[in-house]
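S.K.: heads up, no residue letters with this:
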């Protein structure tokens, strides 16, 4: 049995597509369940799930202690009845073979000490948007991250027993999947990239959407540093150095400029500089617990 864990907050726009995708999974419906966990929605997302009356086995829970998709995931794990956990996000669209590929992976004895990292394939709403190209080019590079034993919960699977061995996700705003990855590596759990276990993900198409994402990541990194009791001055310096490196803003802008033209590359570069400054403030806020 596979337990699919889906945290969500104000995801009414995305949930119908996710539910349809889960309905047409190739894995027989008696071999998986879905645990939806509402993390402080106020847009009727939970009611939408109930009214959709999914034809697969599902549970609907809530996590209200704080704004944290990772806290919601932990709550979902506690309700799971499967021996395999599969994580994805409310705005993802799993392809029909997604769960079947996860099941096949864990049928092999050599996979018992592995965490599965699946492919995340971006799709465009506006192919002329430099922000959508940046999102596709930079984020969710799961094949490359798997080499470094990093996992993204947008498409991740792990045996329930191994999850409990490593422990819960840190209940921060963002980045807890990579922190969990580091702990898993210390316990000799390898990351295996499985391209066939694929989900689709919409790209973020505007400066505002990208700023929200990157600010959230920076805030979560600050929280993780505070929890690890690392010195603020040194961590801010490290973060600042990472932000001003050419690969942070210049190289992505040049890449998009090659695809869409110099004007689009310049728009992206200027926007990224603004976001990087915002990220520094978000990192400090996360570290300070504000």
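M.R.: Done, it's in. Please read all numbers here as calculations on a predicted model, not as lab measurements. Residues are numbered from 1 along each chain as shown.
S.K.: so how far is residue 240 from residue 281?
M.R.: 12 Å (CB to CB, to the nearest Å). For glycine as for every other residue, the C-beta is placed from the backbone atoms N, C-alpha and C.
S.K.: where along the stretch 1-150 of the chain do the helices fall?
M.R.: 15-23, 45-52, 69-79, 98-107, 130-138, 142-147 (DSSP state H, counting those that start in this stretch).
S.K.: could you dump those to CSV with mean neighbour count?
M.R.: Converted to CSV, those look like this (neighbours: other CB atoms under 10 Å):
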stretch, mean neighbour count
helix 15-23, 18
helix 45-52, 16
helix 69-79, 22
helix 98-107, 20
helix 130-138, 22
helix 142-147, 15
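S.K.: for residue 90, find the nearest of these.
M.R.: Closest approach to residue 90 among these is made by helix 15-23 (5.9 Å; CB to CB).
S.K.: for that closest one, packing partners?
M.R.: In terms of contacts (3 or more CB pairs under 8 Å, 6 or more residues apart in numbering; DSSP states H and E), helix 15-23 is packed against strand 2-8, helix 45-52, strand 93-94.
S.K.: go again with 10 Å.
M.R.: Using 3 or more CB pairs under 10 Å, 6 or more residues apart in numbering; DSSP states H and E as the contact criterion, the elements in contact with helix 15-23 are strand 2-8, strand 32-38, helix 45-52, strand 84-88, strand 93-94, helix 98-107, strand 190-202.
S.K.: can you say which of those is nearest to residue 152?
M.R.: For the helices and strands packed on helix 15-23, proximity to residue 152 was assessed by CB to CB; strand 84-88 is nearest, at 9.0 Å.
S.K.: which ones are touching residue 124?
M.R.: Residues in contact with residue 124 (CB atoms under 10 Å, 6 or more residues apart in numbering) are 132-133, 135-136, 202-203, 205.
S.K.: before we move on, back to that, now distance to residue 232 and mean pLDDT too, for the helices of the stretch 1-150 of the chain, in TSV please.
M.R.: Written out in TSV, the entries for those read as follows (distance: least, CB to CB, whole Å; pLDDT from 0 to 100):
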stretch	distance to residue 232	mean pLDDT
helix 15-23	39	97
helix 45-52	36	95
helix 69-79	23	97
helix 98-107	40	98
helix 130-138	27	89
helix 142-147	27	87
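S.K.: export the ones you listed to CSV and tack on distance to residue 35?
M.R.: Putting these into CSV (distance: least, CB to CB, whole Å) gives the following:
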stretch, distance to residue 35
helix 15-23, 12
helix 45-52, 11
helix 69-79, 4
helix 98-107, 14
helix 130-138, 28
helix 142-147, 22
